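Visitor: Attaching a predicted model along with its sequence, questions to come.
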Amino acid sequence: MEDNSNLEKYFRQQFSQNIPQEPWNTPDEIIWANISNELDKKPNRRNLLLFLPWLLTSLMFLFSMYTWKIMEDHSIKIRDLEKRIEKCNNGTKITDDKTDMEITNVGKKEVSPTKTINSSSYINPTYSVSENSPYLHSYRANKNSTINAPQNNGSLATEALKDQYTNLTIVDEKNKLVIVNEEKQSERLIVIIPAIANRKSAFFPSIKNVTFPDYVHNLPENKVPVHAFYIGFALGSNQWKDKTSGSFDNPLSELLTNEKTNASISYGIQTSYTINNHLTTNLGLYYNKRNQHSTYLLHIPYTTSTEILDASGEYTNTFKHSLPTGLGNVQTDLLLSRSQSSSIGQNEIIDLDFSFNNSVSSILAPISLSYFPKQSNDGFFINAGLQSEFVINDKVSDIKSLSHHTFVKDKQVNVNFESSQINKFNISALAGLGYQKSIWKKIDLMASCQYGFALTDTYSTDTYKHKLNNLSFNVSLVRNIVSN
Amino acid sequence: MFTFQDNMDPLKIQLCLQGNRNAQKELYELYKTNMYVLCQRYFMDIEDSRDTLQEGFIKVFRDLYQYDHSKGTLGSWMKKVFVNTCLEKLRKNKVDFQSLSTQSDSIGFEPNIISDLNVKDLTKIIQMLPAGYRTVFNLYVIEGFNHKEIGEQLNITESTSKTQLMKAKNMLRSRLEEILK
């Protein structure tokens, strides 16, 4: 358009040449003074605070590496001790009716009667023996009685056993081992200690190794599996991959310029049940909302014969379409308008950018089996299973339209989507790997990455099929609420 | 991209790089008018224009070592610095580059009449545009960017840039009609 190019040319010419100085375009002297002052300042030192997050992250990483190293060393010591224990010879059985453990005490020396003491976790390993300990006295006086162990109270156990025993080794928490204090020849005490948690030991690495006697400690032949049950909150990030086959059976399909399901966040509950020393089963329930974003470029031949003059004095024209999407057809009603004084040719093409989201809210229920090479609920794992998706809501939203024409504008747009077009129940096959670690007492952190291969179509016709594969990253904070 | 005449002695540029305040003042005096008008084209508020002028010159002096005389004149390099400074300020002010005004379209006008308007008038007319239209108009018509480059600068689509420009020109025409009547 000639007047446009003249306008642009004139503006460009005026601003590209040297502009004479006049009062309106002369900055105050203070501007130069400020510039000069700023240039006199020394260059800004890098704000140390900018590095603070990096510094903290590095420190946390180093600290966790240090902690892991200590725990790893401790685990190695425990494994060594376990091997040594297993090499001891068997001997006479001692049975205490009121405990549920059989203890075998062996040795060629005569020993005084012994009793078992069940204590709870978190016992301070460094305590000394006292011959005159009232605890021991009562032990001797009631040789057939059972000492009632403190009920799952680490601090009480510590107090009860403090100053009485020495050189007792912390061993594996999940196994109960018998340890004999060799130092007191006149008093053989067989103590069963559910071992102190490794994490506590990591902070108090003053473990003293026991000098084991030639006695056998009755170890259970097989490690007793811990049937733990974890439950907690989970957060996931999902990347969706649209998989289509065939083509739309719709004459307007060529207008679709882009279609993609955007990434989404899911959150919910994660549970895990330990089957044996290496296998756990997991079940989750997540709420998820995903958006499929579809973009069209419409070329609408505008016809003035169907125009209506509305109350505001503008001509309006309605155009209806049935636009195909990966989740079914969307019916659109587009109302275009122009002022009475504007001119447009018959069947002049109106270009219109048009887009909307198809929002699907659903419940995801993944169920899987996890294999831990090292130990259930500890370390890396691989898992496989199925994920079900139950669609609870589906609607079209975030509708945007933009016409590219000087005289015609998009006044209003309505869309209608029949949600029954999509499948309300979808299944995917899951496979992935992850990592679980105890971070504090009975609380574990689980992180996993899984890929879901869609087994069902989200939408299909005779000529077109749409599936959604899914890559998810999940983080869960779970608590062990049941273990034996 | 269109530029105006550069008269800065290369030796003086060297002195500026060395931090010679007199040379820097001379450079400032040479370019302050054109750069101030550039800033006024992007901001309606005079304070924003002054702030941007100040920040722009500070950046020029601090980053003068990046200027390569083989790639263009000092004036064109400075113009880029100032345009970027203006866009940064607009982003800080959270200007919406995608909003559309409800201004109605207008009919044409006689192009010869606008030759009566001087730079001051044209600057005032541009200032009266909404921020989004003004920015796209400046970048396309005066700075010479294409719609793809404008889209990348302002984080908008090409089609939005085209529409903004079209709306800006329509609004300018109607303003010009009002002025010239």
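Guide: Great, that's in hand. Note that this is a predicted model, so its numbers are computed, not measured. Residues are numbered from 1 along each chain as shown, chains lettered A, B, ... in the order given.
Visitor: Low-confidence regions, the chain specifically.
Guide: This is for chain A. Applying pLDDT under 70 to chain A flags the ranges A:1-5, A:42-53, A:70, A:74-75, A:78, A:81-226, A:406, A:483-484.
Visitor: Correction: the question concerned chain B.
Guide: Using pLDDT under 70, chain B drops low at B:1-8, B:99-115, B:180-181.
Visitor: excluding its backbone neighbours, what's nearest the spatially most central residue of chain B?
Guide: In chain B, the centroid-proximal residue (C-alpha atoms, centre = their mean) is residue B:38; its distance is 4.2 Å. Excluding the flanking residues, the one nearest residue B:38 by C-beta to C-beta, 6 or more residues apart in numbering or on different chains is residue B:82, at 5.4 Å. In short, each C-beta sits where N, CA and C put it, glycine included.
Visitor: Measure how buried the one you found is and give me the count.
Guide: For residue B:82, the tally of surrounding residues (other C-beta atoms under 10 Å in any protein chain shown) stands at 24.
Visitor: wait, isn't it in contact with residue B:35?
Guide: Yes. Using C-beta atoms under 8 Å as the test, residue B:82 is close enough to residue B:35 to be in contact (5.3 Å).
Visitor: between the two, what contacts are shared?
Guide: Residues within reach of residue B:82 and of residue B:35 at once, by C-beta atoms under 8 Å, 6 or more residues apart in numbering or on different chains, are B:53, B:56.
Visitor: Quick check: next helix or strand after the helix or strand where residue A:394 lies?
Guide: Using DSSP states H and E, residue A:394 maps to strand A:379-404. On the C-terminal side of strand A:379-404, the nearest following helix or strand under DSSP H and E is strand A:409-417.
Visitor: what angle sits between that next one and strand A:379-404?
Guide: Strand A:409-417 and strand A:379-404 meet at an angle of 140 degrees, taking axes from the mean of the first three to the mean of the last three C-alpha atoms, to 10 degrees as the criterion.
Visitor: counting contacts, what elements does strand A:409-417 pack onto?
Guide: Contacting strand A:409-417 under the criterion 3 or more C-beta pairs under 8 Å, 6 or more residues apart in numbering or on different chains; DSSP states H and E are the following elements: strand A:328-339, strand A:348-371, strand A:379-404.
Visitor: for the residue nearest to the centre of chain B, helix, strand, or coil?
Guide: helix (DSSP: H, G, I helix; E, B strand; the rest coil).
Visitor: Let me know whether it touches residue B:79 as I believe.
Guide: Yes. Residue B:38 lies in contact with residue B:79 (C-beta under 8 Å); the separation is 6.8 Å.
Visitor: Mind jotting down where the helices sit in the chain?
Guide: You didn't pick a chain, so chain A it is. Ranges of helices in chain A, per DSSP state H, are A:2-16, A:29-40, A:48-86, A:134-141, A:154-161, A:198-203.
Visitor: Please refer instead to chain B.
Guide: B:10-17, B:21-42, B:46-62, B:74-92, B:119-127, B:131-137, B:147-154, B:158-180.
Visitor: list the helices and strands the last one packs on?
Guide: Packing contacts for helix B:158-180, counted by 3+ C-beta pairs under 8 Å, 6+ apart, involve helix A:2-16, strand A:379-404, helix B:119-127, helix B:131-137, helix B:147-154.
Visitor: how close does the residue of chain A found nearest chain B sit to residue B:81?
Guide: Per C-beta to the nearest C-beta, residue A:16 is where chain A lies closest to chain B, at 3.5 Å. Using C-beta to C-beta, to the nearest Å, residue A:16 is found at 17 Å from residue B:81.
Visitor: And residue A:473, by the same measure?
Guide: Residue A:473 sits 42 Å away from residue B:81, going by C-beta to C-beta.
Visitor: More neighbours: those two, which one.
Guide: For the pair residue A:473 and residue B:81, the greater number of neighbours falls to residue B:81 (19 against 15), based on other C-beta under 10 Å.
Visitor: my read: that one touches residue B:60, true?
Guide: Yes. Proximity of residue B:81 to residue B:60 meets the contact threshold set by C-beta under 8 Å, at 5.5 Å.
Visitor: and residue A:227, how many residues sit next to it?
Guide: By other C-beta under 10 Å, 13 other residues sit near residue A:227.
Visitor: got it, and residue A:72?
Guide: By the measure other C-beta under 10 Å, the count of residues near residue A:72 is 11.
Visitor: And residue B:30, by the same measure?
Guide: Residues near residue B:30, counting by other C-beta under 10 Å: 18.
Visitor: Look up how far residue A:295 lies from it.
Guide: In this view, residue B:30 and residue A:295 are 49 Å apart by C-beta to C-beta.
Visitor: Same check on residue A:448?
Guide: 33 Å.
Visitor: Settle it for me: which of those two has more neighbours?
Guide: The neighbour count for residue A:448 versus residue A:295, taken as other C-beta under 10 Å, is higher for residue A:448 (25 against 15).
Visitor: and the more buried one, what does it touch?
Guide: Neighbour list for residue A:448: A:381, A:383, A:432, A:433, A:434, A:435, A:473, A:474 [criterion: C-beta under 8 Å, 6+ apart].
Visitor: sorry, back to before: which one, of the helices and strands packed on strand A:409-417, ends up nearest to residue A:243?
Guide: Judged by C-beta to C-beta, the one of the helices and strands packed on strand A:409-417 that comes nearest to residue A:243 is strand A:379-404, at 14.9 Å.
Visitor: List the buried residues in the closest one.
Guide: The neighbour-count check on strand A:379-404 (16 or more other C-beta atoms under 10 Å in any protein chain shown) flags A:381, A:383, A:385, A:387, A:389, A:391, A:394, A:396, A:401, A:402, A:403, A:404 as buried.
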